[in-house]
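Engineer: Let's see this in three dimensions:
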Amino acid sequence: MTLRLLSLIRKEFIQIVRDPRTLAITFMMPVVMLFLLGFAATNDVRNVPLAVLDQDRTQESRSLLDAYRAADYFRLDYVVGREEEMRALIDSNQARAGIIIPPGYGKTLLAGRVAQVAFVIDGSDPTVASTALSAAILIGQAKSSRIVLERAGRSGQSAIPSKPPVDVRTQVWYNPALVSAYYMIPGLIGMILQFLTTMLTATSIVRERERGTIEQLIVTPIRSWELVVGKLAPYVLIAFFDTLEILVVGVIVFQVPINGSLALFLGLAALFLVTTLGIGLLISTVANTQQEAMLTTMFTVLPSIFLSGFFFPLAAMPMVLQWISYAIPLRYFLIIARGIVLKGVGAEALWPEIIALSIFALVVMSAAAMRFRKRLD
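Structural biologist: Presented below is the predicted three-dimensional model:
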């Protein structure tokens, strides 16, 4: 009995070794998950891109900006001359917050009166917005305390003013209540589109190969491109149905506002689908079994979940992972989905993401189609 059991175990190990790709994925996946969870799974947001509109341009206004620069919560990336420029930067996701210092800020402080400062925050990402909101208020309060101490030192008095000298007035755009569902549901559309289309496409073609029916299709008069389109078309329809289903449920159940063009959203979702279908087609040319295709699909989906900004803000990740995230197509679609649904922006604010997705779609689908055609030959 022991000999039979050992022989069976030996046979199973031999079978596993004969499939080196699946074996490699099973060993690599825990390491990838460890690094992703260890470095990417964090909400400790730092270096939020900040747009600055300094209408005062005095020593006092520069001192206030230095206080925000000294804290590692914000990165003063943009200096603008008009509020419209600040809005354009926030709409295009280049800046996540903006500070407006009004004219006369310095004179108001020197006169001993309360000087007001406007701080605008992009609320489309509640995690980043909550951190930016708290940090903006705390930095303003700390600056007020330093001004009070300086005044007391000059006058020799220790009287505490009834009002702080700097009043930071915060305003949250697009999602004032910071409702998480408004942020998650547009992202969920992209996540479902990628997972379903990639997995279904990869396993469907591999299943045909396992059953031997792919050879029957090859000997028919059907052309290779017709075979590809015929295999992919049903999953395109399924993906669009799922997209509309999530949108309807999100609007009815979670009251998610759709502020932008639905036609633009669906058109760019179709562009994203070309990429995900190409990835599924490419996996089908590599995998020999459905199990291998599913494992490979999961291996591509995991980085998309953690490095696209779906769960965790990119601003909280190490710079290396932020650079890697540029190779994740879902990153660009999430910006598009949240920009159209929450911000109501048009194509003019999303052209960098549209160009990036177009390049991904062209490269991935071309490589997948060429490899698939070669595999059929």
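Engineer: Quick check on the closest residue to R75 other than its chain neighbours: phi, psi?
Structural biologist: Closest residue in space to R75, ignoring its immediate chain neighbours: N47 at 4.5 Å, by CB to CB, 6 or more residues apart in numbering. For the C-beta atoms, the positions are set from N, CA and C on the backbone; glycine is no exception. Note on N47: backbone dihedrals following degrees, to the nearest 10 are phi 60, psi 50.
Engineer: and N47, what does it touch?
Structural biologist: Under the criterion of CB atoms under 8 Å, 6 or more residues apart in numbering, the neighbours of N47 are 72-75, 315.
Engineer: Out of these, grab the one that's most surrounded.
Structural biologist: In terms of neighbours by other CB atoms under 10 Å, these top out with F74 at 24 neighbours.
Engineer: phi, psi of M298?
Structural biologist: Dihedral angles for M298 - degrees, to the nearest 10 - are phi -60, psi -30.
Engineer: How many residues are close by it?
Structural biologist: M298, neighbours per other CB under 10 Å, totals 14.
Engineer: Tell me how far it lies from Q291.
Structural biologist: Using CB to CB, to the nearest Å, M298 is found at 11 Å from Q291.
Engineer: do S134 as well
Structural biologist: Taken as CB to CB, the span from S134 to Q291 is 47 Å.
Engineer: Check whether V251 really touches L262, as I assumed.
Structural biologist: No - with contacts counted by CB atoms under 8 Å, V251 stays clear of L262, the gap being 10.7 Å.
Engineer: Tell me the secondary structure at the most centrally placed residue in the chain.
Structural biologist: What sits nearest the mean C-alpha location of the chain, by CA atoms, centre = their mean, is G309, with 3.0 Å. Under DSSP: H, G, I helix; E, B strand; the rest coil, G309 falls in the coil class.
Engineer: Find the nearest non-adjacent residue to it, please.
Structural biologist: Excluding the flanking residues, the one nearest G309 by CB to CB, 6+ apart is L334, at 5.5 Å.
Engineer: Does anything pack onto the helix or strand hosting that neighbour? Which helices or strands?
Structural biologist: Using DSSP states H and E, L334 sits within helix 329-338. In terms of contacts (3 or more CB pairs under 8 Å, 6 or more residues apart in numbering; DSSP states H and E), helix 329-338 is packed against helix 180-211, helix 262-286, helix 290-307, helix 351-376.
Engineer: now for the third one, which elements pack on it?
Structural biologist: Which is helix 290-307. Judged by 3+ CB pairs under 8 Å, 6+ apart, the packing partners of helix 290-307 are helix 20-35, helix 180-211, helix 262-286, helix 319-324, helix 329-338.
Engineer: Turn these into CSV, columns for distance to S63, mean neighbour count and mean pLDDT.
Structural biologist: Output for the helices and strands packed on helix 290-307, formatted as CSV (distance: least, CB to CB, whole Å; neighbours: other CB atoms under 10 Å; pLDDT from 0 to 100):
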stretch, distance to S63, mean neighbour count, mean pLDDT
helix 20-35, 41, 12, 64
helix 180-211, 35, 21, 83
helix 262-286, 44, 21, 89
helix 319-324, 29, 13, 86
helix 329-338, 34, 26, 93
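Engineer: got TSV for those, with distance to A51 too?
Structural biologist: Below are the helices and strands packed on helix 290-307 laid out as TSV (distance: least, CB to CB, whole Å):
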stretch	distance to A51
helix 20-35	33
helix 180-211	21
helix 262-286	25
helix 319-324	19
helix 329-338	17
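Engineer: closest one to L110 among those?
Structural biologist: The closest of the helices and strands packed on helix 290-307 to L110 is helix 319-324. By CB to CB, the value is 40.3 Å.
Engineer: Just the C-alpha atoms of stretch 69-78, please, in PDB.
Structural biologist: Once non-C-alpha atoms are left out, stretch 69-78 reads as follows in PDB (Å, rounded to 0.1, in the frame of the first residue of the first chain):
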ATOM      1  CA  ARG A  69       6.000  72.800   1.000                       C
ATOM      2  CA  ALA A  70       7.800  71.800   4.200                       C
ATOM      3  CA  ALA A  71       5.100  69.200   5.100                       C
ATOM      4  CA  ASP A  72       5.500  66.100   3.000                       C
ATOM      5  CA  TYR A  73       1.700  65.900   2.400                       C
ATOM      6  CA  PHE A  74       1.800  68.200  -0.600                       C
ATOM      7  CA  ARG A  75       4.000  68.700  -3.600                       C
ATOM      8  CA  LEU A  76       3.800  72.200  -5.100                       C
ATOM      9  CA  ASP A  77       4.000  71.100  -8.700                       C
ATOM     10  CA  TYR A  78       2.000  73.800 -10.500                       C
END
